[in-house]
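Q: Sequence and predicted structure are below.
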Amino acid sequence: MAPTILCLASYFKGGAFLQECKQLGCHTILITSQDLEHDPWPRDAIDEFFTMPFVNLFKQPDITYAVSYLARTRKIDRIIALDDFDVETVADLREHLRIPGMGGTTARYFRDKLAMRVQARDEGIPVPDFVHVLNHDDLRDYMARVPGPWVLKPRSEASSMGIRKVTHADALWPMLEELGDRQSFYVLEQFVPGDVFHVDSIVWNKQVLFTVCSQYGQPPMAVYQGGGVFISSNLAYHTPEEQALRALNREVIAAMGMVRGVTHAEFIRAEADGAFYFLEIAARVGGANIDLMLEHATGLNLWREWARLEVAHFRKEEYTLPPTHHRYAGLVVSLAKDPWPDTSAYTDPEIVWRLHKEHHVGFIVAAPDRARVQQLIANYADRIAQDFMAVAPPKAGERPV
């Protein structure tokens, strides 16, 4: 029996997921934003393609009406959120149509920065000190107790969008006045200097089957808001650092109630005490081409494995990981001042991928030796900054790479 998989995508991503579903014999349906209609989706892997105005992808009851209308003549077996923005919408659709998968309550732990922090703290997982932006007396008490600076974060945005640094208590109140009735949709968190890591996993029946730990060159918030070169590379295998992150990641996934799927979690190692603290987790494949970097490091494509495990669950089959390898890979990406930068001078044989996107430049390098990868990405970051880099402040509503 061929399952029907409906994917919701508010951003252009997830082509490999759709391709794998089609390869596995699924009937695939994609609903995306009208402004993404002409992006290079893998049309040969999509049986039915629908678009809606971007705002209606999240607007209720519009999206429920649209999907329910499709369900009149199609038996939809699974609904998948291809982007972080779609996770809660898809969870609500599953609840409404009674389709298996993550429901509304669990989805909040993977989208709502307040919900995931409260859950982590309640389960004994270390997190930077925080407070809900709700009661103003609680905010005053918090800022008197917790040394600044702090960061004001939207509870349900993706990546580093909408985050603002608060340097002193008096600076917070004009920000809240500006937010008006939307204040309660924010959380205030202590700013913790340190190195930021991401851990990407595959979960099957509550068991973490696959994990790769990586480190950013500088925090994504710093790159997104202040400009610079985005860097990530996977950590050395079997080191105490990697083992500590793996263990903490397993605790977080269990605390959030993930049953089946992929996760992208972020942690910070504080300069002050050297300890790891949980920052956030998402029920999706990591963005900014991290999935390709991890594929070159391990041989495993997270999008395709996600499709495989969803189809295995539908068919009541056991999901097993394919063979993987332990190589090293690094990712370097930047905005570029030229529309289509000429990267022909970058000729190292370790280059396995080049970014082809207007006003961007980027590479993935891979090698058996981690030291060689680190050398290359450090060198490329300096060269890209000199040869190509442009800095543009993020616009309202703008998405990261």
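A: Perfect, I can see it now. Numbers count the residues shown, from 1 in each chain.
Q: Where does pLDDT dip in this structure?
A: 158-161, 219, 221-227, 391-401 (pLDDT under 70).
Q: Pretty sure residue 332 sits in a helix.
A: No: residue state for residue 332 (DSSP: H, G, I helix; E, B strand; the rest coil) corresponds to strand; a helix is not indicated.
Q: what about it, neighbour count?
A: By other Cβ atoms under 10 Å, 27 other residues sit near residue 332. For the C-beta atoms, the positions are set from N, CA and C on the backbone; glycine is no exception.
Q: Is it in contact with residue 231, as I believe?
A: Yes: using Cβ atoms under 8 Å, residue 332 is in contact with residue 231, at 5.5 Å.
Q: Mutual contacts of those two, please.
A: Common contact partners of residue 332 and residue 231 (Cβ atoms under 8 Å, 6 or more residues apart in numbering): 377, 381.
Q: May I have the residues that are in contact with the most centrally placed residue in the chain?
A: In the chain, the residue lying closest to the centroid (Cα atoms, centre = their mean) is residue 286, at 4.0 Å. Each residue near residue 286 by Cβ under 8 Å, 6+ apart is listed here: 198, 200, 264, 294, 302.
Q: In three-state terms, label the third one for me.
A: Look at residue 264: counting by three-state DSSP, its state is strand.
Q: cool, the first one as well?
A: Classification of residue 198 by three-state DSSP places it in strand.
Q: I'd assumed residue 211 was in a helix, is it?
A: No: under three-state DSSP, residue 211 sits outside any helix and is assigned strand.
Q: just checking, it touches residue 203?
A: No: taking contacts as Cβ under 8 Å, residue 211 lies outside contact range of residue 203: 9.7 Å.
Q: Quote the end-to-end distance of stretch 142-156.
A: End-to-end span of stretch 142-156 (Cα to Cα, to the nearest Å): 22 Å.
Q: From the rest of the structure, what touches it?
A: The contact list for stretch 142-156, computed with Cβ under 8 Å, 6+ apart, reads 88, 111-115, 129, 131, 133, 161-169, 172, 175, 185-191, 221.
Q: of those, buried ones?
A: Buried subset of the contacts of stretch 142-156 (neighbour count, 16 or more other Cβ atoms under 10 Å): 88, 111-115, 129, 131, 133, 161-163, 166, 172, 185-190, 221.
Q: Please narrow the residues you listed to those residing in strands.
A: Those of the buried ones among the contacts of stretch 142-156 mapping onto strands are 131, 166, 186-190, per DSSP state E.
Q: Reformat the residues you listed as CSV; add distance to residue 43.
A: Shown next, in CSV, are these (distance: Cβ to Cβ, whole Å):
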residue, distance to residue 43
131, 48
166, 46
186, 40
187, 40
188, 45
189, 42
190, 47
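Q: quick one, helices of the stretch 1-150 of the chain?
A: With DSSP state H, counting those that start in this stretch as the criterion, the stretch 1-150 of the chain has helices at 15-23, 62-71, 87-97, 104-109, 113-122, 136-145.
Q: Out of these, flag the one nearest residue 367.
A: Across those, residue 367 has its closest neighbour in helix 15-23 (23.5 Å, Cβ to Cβ).
Q: Just the buried residues of that closest one, please?
A: Quick answer for helix 15-23 (16+ other Cβ under 10 Å): 15-22.
Q: ok, how many other residues are close to the residue lying closest to residue 169 once chain neighbours are set aside?
A: Closest residue to residue 169 apart from its sequence neighbours, by Cβ to Cβ, 6 or more residues apart in numbering: residue 143 at 4.5 Å. For residue 143, the neighbour count with other Cβ under 10 Å is 19.
Q: just to revisit the earlier point, now the common contact residues for residue 211 and residue 203.
A: Residues touching both residue 211 and residue 203 (Cβ under 8 Å, 6+ apart): none.
Q: Those two: which is more packed in?
A: Between residue 211 and residue 203, counting by other Cβ under 10 Å, residue 203 is the more crowded of the two (21 against 18).
Q: Specify the local secondary structure of the more buried one.
A: Residue 203 ends up strand, using three-state DSSP.
Q: how close does the closest residue to it other than its chain neighbours get to residue 343?
A: Nearest non-adjacent residue to residue 203, counting by Cβ to Cβ, 6+ apart: residue 258, 5.0 Å away. Distance of residue 258 to residue 343, given as Cβ to Cβ, to the nearest Å: 38 Å.
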